[in-house]
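**Q** Give me a model of this one.
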Amino acid sequence: MTQTAEQRKELMRQIKDEVVALKNSPLYKFRIENKNLPVIGEGSHSAKIMFIGEAPGKNEAKTGRPFCGRAGQILDDLLATVGIKREEVYVTNIVKDRPPKNRDPLPEEIEIYGPFLDRQIEIVQPKIIATLGRYAMGYVMNKLGLESEILPIGKMHGRVFSTKTSYGKIKVIPLYHPCVAVYNSHTLDILKSDFAILKDL
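**A** Numbering: from 1, shown residues only. Next comes the predicted model:
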């Protein structure tokens with residue numbers, strides 16, 4: 001079903017309201033105690049490319065914006081290398097609240113926030129989903145019927161997988177999380193190479 005821009009905006013607003021009020025989340029108390037904000041997502045609600053990360057970090061939780069810290073700067077730089085503007089894509093995470101100490105998201109956290117991401121995918125209806133990091137890769141590939149293809153991310157990054165969704169055909173591209181390039185410049189070269197595939201598609 002094709003939705004108008006206003007309908008997509010309203011559906012995203014509903015998701016935000018529900019996440020804000022998600023008291024049964026294991027991360028809700030940590031959000032309130034630290035005066036953090038949930039991070040829903042940002043960008044075009046009709047983007048052809050959707051980037052999905054794992055969970056917000058400290059900067060993201062303070063601003064409510066995804067990928068606005070050092071990893072976000074790297075993501076912006078990578079998009080620039082292939083001539084894609086950030087406002088043309090949609091950027092979000094599986095988990096919408098920051099885990100303590102920026103630790104990896106727990107299975108029960110992914111389980112409670114995952115359905116919001118599923119709805120976001122249905123709203124945006126991207127042609128390409130680029131997952132950032134192994135948790136996002138695992139969640140999306142399991143959700144979209146590609147679970148038999150899953151290997152460690154070192155063997156998966158930069159590969160293109162085709163599958164179907166309720167709204168049509170889609171391609172999934174697992175990528176390293178941009179934060180790895182903060183500590184390892186070699187990974188940045190790999191990410192640049194992988195991002196070139198997005199331009200080709």
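
**Q** any idea how far residue 177 is from residue 125?
**A** 24 Å (C-beta to C-beta, to the nearest Å). Placement of C-beta: from N, CA and C, glycine included.

**Q** ignore the last one, residue 191
**A** Taking C-beta to C-beta, one finds residue 191 at 9 Å from residue 177.

**Q** what's the offset of the longest helix that the chain contains from the middle of its chain?
**A** The longest helix of the chain (DSSP state H) is helix 107-124. Averaging C-alpha positions (C-alpha atoms, centre = their mean, to the nearest Å) puts helix 107-124 10 Å from its chain's average.

**Q** Please export the C-alpha coordinates of the helix or strand just after it as PDB.
**A** Going down the chain from helix 107-124, the next helix or strand is strand 128-132, by DSSP states H and E. Extracted C-alpha coordinates of strand 128-132, given in PDB (Å, rounded to 0.1, in the frame of the first residue of the first chain):
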ATOM      1  CA  ILE A 128      17.900  -1.300  -0.100                       C
ATOM      2  CA  ILE A 129      18.600  -2.000   3.600                       C
ATOM      3  CA  ALA A 130      22.200  -1.500   4.700                       C
ATOM      4  CA  THR A 131      22.800  -3.000   8.100                       C
ATOM      5  CA  LEU A 132      25.500  -1.500  10.300                       C
END
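
**Q** following the lowest-mean-pLDDT helix or strand in the chain, which helix or strand comes up?
**A** Scoring the helices and strands of the chain by mean pLDDT, DSSP states H and E places helix 180-183 at the bottom, with a mean of 82. Downstream of helix 180-183, the next assigned helix or strand under DSSP H and E is helix 185-200.

**Q** And the contacts of that following helix?
**A** Residues outside helix 185-200 that contact it (C-beta atoms under 8 Å, 6 or more residues apart in numbering): 49, 74, 78-79, 81-84, 128, 130, 157-158, 160, 173, 175-176, 178, 180-181.

**Q** now with 6 Å?
**A** Helix 185-200 has contacts (C-beta atoms under 6 Å, 6 or more residues apart in numbering) with 78, 81-82, 157-158, 175-176, 180-181.
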